[in-house]
Each structure stands twice: as C-alpha cells, then as structure tokens.
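Colleague: Need coordinates for the below:
(one chain, ligands or ions: 2)
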Amino acid sequence: MYQTAFLDLPHLATASGSVQLPGSKSISNRVLLLAALSAGTTTIHDLLDSDDTRVMLAALRELGCQVTPAQVTPGQPVQITGIDGALPNNARAQLFLGNAGTAMRPLTAALAVLGGHFEMTGVPRMYERPIGDLVDALRQLGCHIDYLGNPGYPPLRIGQPNFSQLGDAPIAVRGDVSSQFLTALLMALPLLASDSDICIEVVGELISKPYIHITLELLSRFGITVRNEGWQRFVIPAGSRYQSPGDIHVEADASSASYFIALGAIATGAGGQNGIQVLGVGQDSIQGDIRFVEAAQAMGAQVTSGPNWLHITRGAWPLKAIDLDCNHIPDAAMTLASMALYADGTTTLRNIASWRVKETDRIAAMATELRKLGATVEEGADFLRITPPATAADWRAASIHTYDDHRVAMCFSLAAFNPAGLPVRIEDPKCVAKTFPDYFEAFFGVAQASRPTPVICIDGPTASGKGTIAGLVAERLGFALLDSGALYRITGLAASRAGIALTEDNAPAIADLIRRSHIGFTPDQRVLLDGEDISLAIRTEDASMNASRVAAFPAVREALLQVQRDFRRLPGLVGDGRDMGTVIFPDAPLKVYLTATAECRAERRYKQLISKGLSANMADLLADLQARDARDMNRAAAPLKPAEDALHLDNSEGTIEQAVQQILTWWEQRQPFAPRA
Ligand SMILES: Nc1ncnc2c1ncn2[C@@H]1O[C@H](COP(=O)(O)OP(=O)(O)O)[C@@H](O)[C@H]1O
Ligand SMILES: Nc1ccn([C@@H]2O[C@H](COP(=O)(O)OP(=O)(O)O)[C@@H](O)[C@H]2O)c(=O)n1
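Modeller: Ligands and ions are numbered 1, 2, ... in the order given. Just a heads-up that it's a prediction; the model follows:
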C-alpha cells in the first residue's frame, strides 16, 4: 500500500494482463460457516486470508470441523468437512472471535440452535458492538444465551436450547439496525427446519438488501432454498438440510472489479497482448455490483466471462456516451464517471442521490475533480452529466483530491490514459485501504507508461549521503529504490567468498559469477545473496574497498547494467550510485550530483559505522575515502563525474531533510501540476 502524501501516475499508454482480486470478506465467512454446518467435504477456492477469516477458521476447528490445510495459503483451496447439522452431545468450547462481526453473529445463532456449552469472546471493541436484537430473536425460539458482560453485548455464554415451546408463529427480527442479524438467523434456522417450515419476519425497513441477497444465494448453493416474500418474510421450508456443493469459489468484491473492467475498455494492450483478465469474480456473481459489466458493455467494453473470471477488451472507441439509471449499482457507477472522460458525447448518470451521503458527497467530489481534468460537468441533486474535454489540448494535468474516499482515488487512476500525455496526481492514495489496500500495485502491475518510467538519479562520492537521501526521496514519492552500490558490494563479497582474487585478469570470472548468483532486495532493503541475508557483511570498510575494486572492471559493470535497468518500474525509481545519470539512466528527467567535503563525509561515515557496531578509525576512514574517490573518479569505465545535466547539491552544511526537500522541490518543478496550496 502507498502511504505517501500523493502518488503521481505517469501518463499511461497501454494495459494488459491479469489481476487477482482479493476474496470478499463477507462471502468468505458465510461460506466457511455453511461448509461447517453441511454434510460432506467442501473445497473452498480463493478464500480471503484476513484477521476475520482466521478467527472463523480457528473457531470451526475448535468445534471439531476438519480443516485442511490449517491456514489459508495463497493459490491453495481450503477443505472443510462439516458436522452435518449436529454437534456431539455436550459439545464445549471457548471461542475467541477477535473483532469479526461476520463470525460472532452467525456463529452465535448457529451454536445457540445446535446447543452445547460455549463462550463467545473477542477483543474489547467487540464488546461495544450490539448483539441484543439477535439474542432476543434466538431466545424467542427457546435458545439459552447469557450475557457475560453488559446486557446486549458480547461476551456471551450459550447453553442447551429448549425448543418445546416452538410453535408456528414467525420469528421476529429487527432489520433496520444491521442486516447481519437476519443473515445470522437465515443461516442458523435451517438446522431447525427438518419437520416444519420456519418463518422469519423482519420488523422495520430491511437495510442492506444486497447482503441478504448474497446470503440467500449462498444458502441455495448449500441446498437450502429460502422463500423471500417481499423482503419482509423469509420462509425456510420443512425438510431443509445443509449439503456441501463440493467445490465453491469465493468471489472477489464486485465493485473492486469495476476499475479493471473500465481499464480493459479504455486501454489497448502492448505488443500483441490484449485485454485485462480479472480473476476472482465472474458474470454469474451473486453481488449486485456485477451489473456494472452491462453498463461498461453499453459504453463499448467487450466482456467474456467464466467461473470467477472476466476478460475485458476495448470495443467501441471512443467509448459511447450513455444515459443510465444507476440505482442498482450505486458504488460501481462512480467508475462510469471516469469512463465518461473517454466517451463520444455527454454521459448522464441518474438516480445517484445516495452518493451524497457516502464517504463524502460523491456527486460534488466527482464533479469537482472531473472539472479539474478539463471535463464539463453538470451536477444535480441526484444526477451527474459529464462531457469530456473537447480535444486533447483541453485536458489539464490535475492533482486529484480524494476526500478520504477509496472510490474517488481508484476512479481517477483511469484518467492517466488521457490523450494529452499528462500525468495524474492522486492525493492521499492510502485511502484505498478501505477495500483494496494494494489497488495501485495491482494497477501498476498491468499498466505501462507511454514514456520511459521516471527516474531520479542521485550520484556522488562515498558518504555524501546518497543512500540516506535517495531512500527518503523514494519513500515520499512512493518510488522504487535502486542502491546500485550494494550490487558492487555484493559482487566484491561473492568473489572474495569464492576465492577469486579481485584482479583485472579475473574480471570475466567475477562477471560470470555474479550473472549466476541470485541477488534479492527485500521491501525493507535487506540484501540477499543466494537467499542469505548479507546486509551487514557488505557494509564493512573491507567490503567497501572490494566493491570499489570490482566496480572498476568493465566486464563487471556490463554484467550489472541490465540488472540495474530492470529496477525501473511504475510509478518511478530513485537510483543512487556513481553513474546513474551518466550511464545507466541517461534519459532520467532529474539528475542530482550530491557532494560534501571529505572531512565531513569521513566523520559521518565514522558515526554510521560505530552505530552499526562495526569498528572504525577516523584517520583510516579519511584515507580510504580519498583513495576510493580517486579510484571512482579516475577509472576508465563509468568514472564518477556529474552528468552534464545534473543539478549540484552540496550536503556539507544542511540537514538530511533539507537535502531531501531540495530534491523534492526540483522534482516538483518538473511536474505540470499547479503548486499545492
Ligand atoms: N546532511 C546530513 N547531515 C548529517 N548527516 C548526514 C547528512 N547526509 C547524510 N548524513 C549521514 O551520513 C552518513 C552517510 O550517508 P550515506 O547515505 O550512507 O552515504 P552514501 O550512500 O553517499 O555513501 C549516514 O549516516 C547519514 O545519516
Ligand atoms: N553506480 C555505482 C555505485 C557504486 N559503485 C562503486 O561501488 C562502491 C560502493 O558503493 P556504495 O554506494 O555502496 O558506497 P558508499 O558511497 O556508500 O561508500 C563505490 O565505492 C563505487 O566504487 C560504482 O562504481 N557505481
């Protein structure tokens, strides 16, 4: 996830490939419970691995269900052998359910009906989340539930039920607080419906009907066909029995899919590749937002689908403007507003009044931000009318405000395909965490920039502060980081360990050795050589000298050339070294030559080594540093020198933060966005 203040999307040209969307949380936990209650073994594909599914799985194991493997492993299904509608007599368990409402409520209902001796506990926040309406409904039936803390809230104790008073009267449950109570009853009461129908009556207006729809659909896959009488009464027919469907796929969140469906409609692929494959949700999805596919098709998208996948390619281009009542797809319809930027006329999205009361006033937010890009937007109480910029010249480079609304951020990523070649800035990109923390990573994984991905080069002599400052600049911009010196350090270390003398004669052997080695950098910048963590070993002064020796060999530099260029990836890269701007990335839009006096550098290096627990001596350090400067500057292959278009930054006096700010200011001056207020 990008934690930066903003994220600059370079102008994008093409997109193709496949995106695996994470499984939906509410579907995952429903499927787990239904599989546990069923007869037979269920193989669950694409289960979400999250805190909430982990506590559910642990609880099911505690109740005696066989779960293999014990943990969710990416790409591997989970198998659950169910209890076939009954627990052993006097079953007993203490279940810790964290803060997972999707586990606490349905499990409470199911266990209260099954009977036994159970304690349902969780984290303190769970004890502030009401469950009284569900407990009241279950007590009407004859279930035995006690509050162990505050009445109306978990923790709970569940005992043996007494159903002798259970008549034909409907069971009443409030529907206007949380639809999870109704979901919980709908999943528990089939256990009681062997001899006669069970009727649930909703008191108050039922909220979140799409979620009840999901529950009903999943129940039917597990053999229970509930009669839905106008969303006010639900009848579970006599003779209902949970039966495993064998295999079941957990769908991804259908609204998350909308951005990639739109992407497939907007972008063509590069080099013969075609289309976007969305894995995790298919057109037979049980989620209401899947009908976004029809709207995207009306605008021109070509969509094919199979079990849990969609494939989208560009059809009509420009896209076709539409006039649509969006009441059935309130969340996904926002994505249509971004698609409207690429349409052949004015698009009208109607019946979207609910947008006004979401994370932000989404009608106002979309209108404001679309206008920043150059679109003409008319905004009404419950509609949005969008006319794209008339020509490429009418597009504007915009810094998109995201209002702490994940969907605004995701929608506007699509503006980076504009015909004007402009980048797009997304402010506060971490707001996507609400539903899709790795959205931008997934987006960058399939999109390609129209020009070489931006690189900021920071070159300079040893201990001038390159590594420290490059790391901070990369962090602020969400860019990848290339510590090129580490590659020479690794090479020196690998050669020494292999017993190869670091002489010019041996350069081909050293180059060969490094080509065969497996070099890795972890996200927290630890350095791996053939799987071994050598982060500390390459930082000794010995390793520094060896690095500077092997770095003088053209064969070694040649071997490392492509390795370094391969670090270039969206949204950008900061490269730190000696020849980033002169040899490796000569086309970089910003090159900085960072210097500081030799004395200043020696002193900083001294402090740095001591703080890492490595031994150091000031006089030796100064001499070594000067020797290394001389070797780096005077060698024939890629000598250390400023690129002709480099900006010089003397880091002897100022603080680290001042140097970082100077580089960020230079970067900002190269961007087309208006200065931030
Ligand atoms: N402007 C500065 N003021 C104080 N210390 C600095 C400054 N710039 C860098 N340093 C410190 O100098 C040391 C060497 O910096 P480093 O980033 O390792 O240099 P390089 O990568 O150029 O060899 C680090 O401990 C760093 O924190
Ligand atoms: N792009 C680069 C980076 C490092 N190097 C060499 O690799 C050595 C170690 O690089 P480094 O950046 O880790 O060293 P320090 O600047 O931290 O001392 C340097 O002394 C250079 O000789 C290089 O030649 N080209």
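Colleague: Enumerate the residues of this protein near ligand 2.
Modeller: Among all residues of the chain, those adjacent to ligand 2 (criterion: C-beta under 6 Å from any ligand atom) are 462-463, 467, 484-486, 488-489, 544, 547-548, 551, 577-579, 628, 632. (C-beta placed from N, C-alpha, C; glycine too.)
Colleague: hmm, try it at 8 Å
Modeller: Taking C-beta under 8 Å from any ligand atom, the part of the chain that reaches ligand 2 is made up of 459-464, 466-467, 483-489, 538, 544, 547-548, 550-552, 557, 564, 575-580, 584, 605, 625, 628, 631-632, 635, 638, 640.
Colleague: Among those residues, which are located in strands?
Modeller: For those, membership in strands holds for 459, 483, 575, 576, 577, with DSSP state E as the criterion.
Colleague: Give the bridge partners for the first one, please.
Modeller: The one in question is residue 459. For residue 459, the beta-bridge partners are residue 577, residue 593 (DSSP bridges).
Colleague: Extract the residue ranges of this structure that are flagged as low pLDDT.
Modeller: Using pLDDT under 70 as the threshold, the predicted model of the chain has low-confidence ranges 674-677.
Colleague: neighbours around residue 272, how many?
Modeller: Other residues lying near residue 272 total 6 when counted by other C-beta atoms under 10 Å.
Colleague: now residue 159
Modeller: Counted by other C-beta under 10 Å, the residues lying close to residue 159 total 14.
Colleague: hmm, back to that, what is the nearest of the ones in strands among the residues of the chain next to ligand 2 to residue 109?
Modeller: Within the set of these, residue 483 lies nearest residue 109; the separation is 54.7 Å, counting by C-beta to C-beta.
Colleague: So which of the residues of the chain next to ligand 2 belong to helices?
Modeller: The helices, defined by DSSP state H, take in 466-467, 484-489, 544, 547-548, 550, 557, 564, 605, 625, 628, 631-632 from those.
Colleague: Okay, and the closest residue to residue 558 other than its chain neighbours sits in which element?
Modeller: With C-beta to C-beta, 6 or more residues apart in numbering as the criterion, residue 558 has its nearest non-adjacent residue at 6.8 Å, and that residue is residue 511. Under the criterion DSSP states H and E, the helix or strand holding residue 511 is helix 507-516.
Colleague: Outside of that helix itself, list whatever touches it.
Modeller: With C-beta atoms under 8 Å, 6 or more residues apart in numbering as the contact definition, helix 507-516 has outside contacts at 490-491, 494-495, 498, 500, 502, 550, 553-556, 558-560.
Colleague: again, but for stretch 599-615
Modeller: Here stretch 599-615 makes contact (C-beta under 8 Å, 6+ apart) with 461-465, 536, 539-541, 596, 616, 618, 621-622, 625, 652.
Colleague: and with 7 Å instead?
Modeller: 461, 462, 463, 464, 539, 540, 616, 618, 621, 622, 625, 652 (C-beta atoms under 7 Å, 6 or more residues apart in numbering).
Colleague: Check whether that stretch comes near ligand 1.
Modeller: Yes: using C-beta under 8 Å from any ligand atom, we find that stretch 599-615 touches ligand 1 at 601, 604, 605, 607, 608, 611.
Colleague: how near is the fifth one to residue 462?
Modeller: Counting by C-beta to C-beta, to the nearest Å, the separation of residue 608 from residue 462 is 11 Å.
Colleague: and the two? which has more neighbours close in?
Modeller: Under the criterion of other C-beta under 10 Å, the comparison of residue 608 against residue 462 puts residue 462 first, with 22 against 15.
Colleague: Give the full set of residues in contact with the more buried one.
Modeller: With contacts defined as C-beta under 7 Å, 6+ apart, residue 462 is in contact with 601, 625, 628, 629.
Colleague: Of those - the most surrounded one?
Modeller: Among the contacts of residue 462, residue 601 has the most neighbours (other C-beta under 10 Å), with 24 neighbours.
Colleague: Grab the nearest non-local neighbour of it.
Modeller: Closest residue in space to residue 601, ignoring its immediate chain neighbours: residue 463 at 3.8 Å, by C-beta to C-beta, 6+ apart.
Colleague: who's in contact with that neighbour?
Modeller: 601, 604, 605, 625.
Colleague: got the phi/psi numbers for the residue most central in space within the chain?
Modeller: Centroid-nearest residue in the chain: residue 438, 1.5 Å away (criterion: C-alpha atoms, centre = their mean). Residue 438 has phi and psi values of phi -100, psi 30 when expressed as degrees, to the nearest 10.
Colleague: Next: residue 237.
Modeller: Listed backbone geometry of residue 237 is phi -70, psi 150, with angles given as degrees, to the nearest 10.
Colleague: hang on, the earlier thing: since we're on the residue nearest to residue 558, how many residues are nearby?
Modeller: The number of residues packed near residue 511 is 21, by other C-beta under 10 Å.
Colleague: Distance of it relative to residue 568?
Modeller: Computed with C-beta to C-beta, the distance linking residue 511 and residue 568 is 22 Å.
Colleague: Break this structure into its domains for me.
Modeller: Using automatic domain parsing, the domain parsing of the chain gives 6-20+254-449, 25-249, 455-669.
Colleague: out of these, deepest packed?
Modeller: When those are scored by mean count of other C-beta atoms under 10 Å, the highest mean neighbour count falls to domain 6-20+254-449 (a mean of 20).
Colleague: Could you tell me the end-to-end distance of it?
Modeller: Using C-alpha to C-alpha, to the nearest Å, the gap from the first to the last residue of domain 6-20+254-449 comes to 18 Å.
Colleague: cool, and stretch 584-592?
Modeller: Start and end residues of stretch 584-592 are separated by 14 Å (C-alpha to C-alpha).
Colleague: what does it rub up against?
Modeller: Residues from elsewhere that reach stretch 584-592, judged by C-beta under 7 Å, 6+ apart: 452, 454-458, 561, 564-565, 575, 581, 643, 645-647, 649, 663, 666-667, 670.
Colleague: Same question for stretch 398-408.
Modeller: Outside stretch 398-408, the residues touching it (C-beta under 7 Å, 6+ apart) are 6, 331, 334, 359-360, 362, 365, 369, 372-373, 409, 412, 424-428, 431-432, 434-436, 673, 676.
Colleague: OK, now which residue of the stretch 101-250 of the chain is nearest to ligand 1?
Modeller: Scanning the stretch 101-250 of the chain for the residue nearest ligand 1 gives residue 123, at 39.4 Å (criterion: C-beta to the nearest ligand atom).
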